[in-house]
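> my questions are about this predicted structure, shown below with the sequence.
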Amino acid sequence: MITWIAKLSSVAAFLVFAGSMLPMHAQQEAGEDNLITIESDTQSADNITGVVTAVGNVRIVYPSRGTVATSRQAQYFSRESILVLSGDVDVVQDDGNSIRAERVTYNLDEERALANPIPGQQVQSILLLKQSPDGQTPLTP
């Protein structure tokens, strides 16, 4: 298992790890809001393309968002601020919301996610809708 701790906005250099525990700390350019931890069997980061790839038993912890995600593979495209999780994706938030899909693409700048199922199957989402003070749910006109 490899653990890589880094700011989402930085890829330090071309790095390839295989099979040993080797924590990496990238430069602290922004606040702790951008800090994530990625654990996986193998990881690589390429400063030329700006792509970080984690493969095998991927677990991502994003504390400022209260989110833990697992998948078989994760790729972070630093120039586009896009995180792509693929293979048995399970994303769980502290507030009880969760999503299960084959592939989830998350745009960090826009805070938007797109989930895709295995062909012929469906995406499963669990959403906790909170009652507003005036008694209306967010879906009530």
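Noted; the coordinates are in hand. Residues are numbered from 1 along each chain as shown.
> could you list the low-pLDDT ranges of the protein?
Applying pLDDT under 70 to the chain flags the ranges 1-33, 132-141.
> quick one, helices of it?
In order along the chain, the chain carries no helices (DSSP state H).
> which residues in it form strands?
Secondary structure of the chain by DSSP state E: the strands cover 2-7, 15-18, 35-40, 42-46, 51-62, 67-77, 82-93, 98-107, 112-116, 124-126.
> what's the last one packed up against?
Looking back up the chat, that one is strand 124-126. Packing partners of strand 124-126 (3 or more C-beta pairs under 8 Å, 6 or more residues apart in numbering; DSSP states H and E): strand 98-107. Bear in mind the C-beta positions are built from the backbone N, C-alpha and C, glycine included.
> okay, the strands of the chain in a markdown table with mean neighbour count next?
Formatted as a markdown table, these follow (neighbours: other C-beta atoms under 10 Å):
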| stretch | mean neighbour count |
| --- | --- |
| strand 2-7 | 19 |
| strand 15-18 | 14 |
| strand 35-40 | 20 |
| strand 42-46 | 19 |
| strand 51-62 | 20 |
| strand 67-77 | 20 |
| strand 82-93 | 19 |
| strand 98-107 | 18 |
| strand 112-116 | 14 |
| strand 124-126 | 12 |
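> check the gap between the residue lying closest to residue 37 once chain neighbours are set aside and residue 79 for me.
Excluding the flanking residues, the one nearest residue 37 by C-beta to C-beta, 6 or more residues apart in numbering is residue 61, at 4.5 Å. Separation of residue 61 from residue 79 (C-beta to C-beta, to the nearest Å): 23 Å.
> neighbours of the closest residue to residue 117 other than its chain neighbours, how many?
Nearest residue to residue 117 in three dimensions, chain neighbours excluded: residue 123, at 4.8 Å (C-beta to C-beta, 6+ apart). By the criterion of other C-beta atoms under 10 Å, residue 123 has 16 neighbours.
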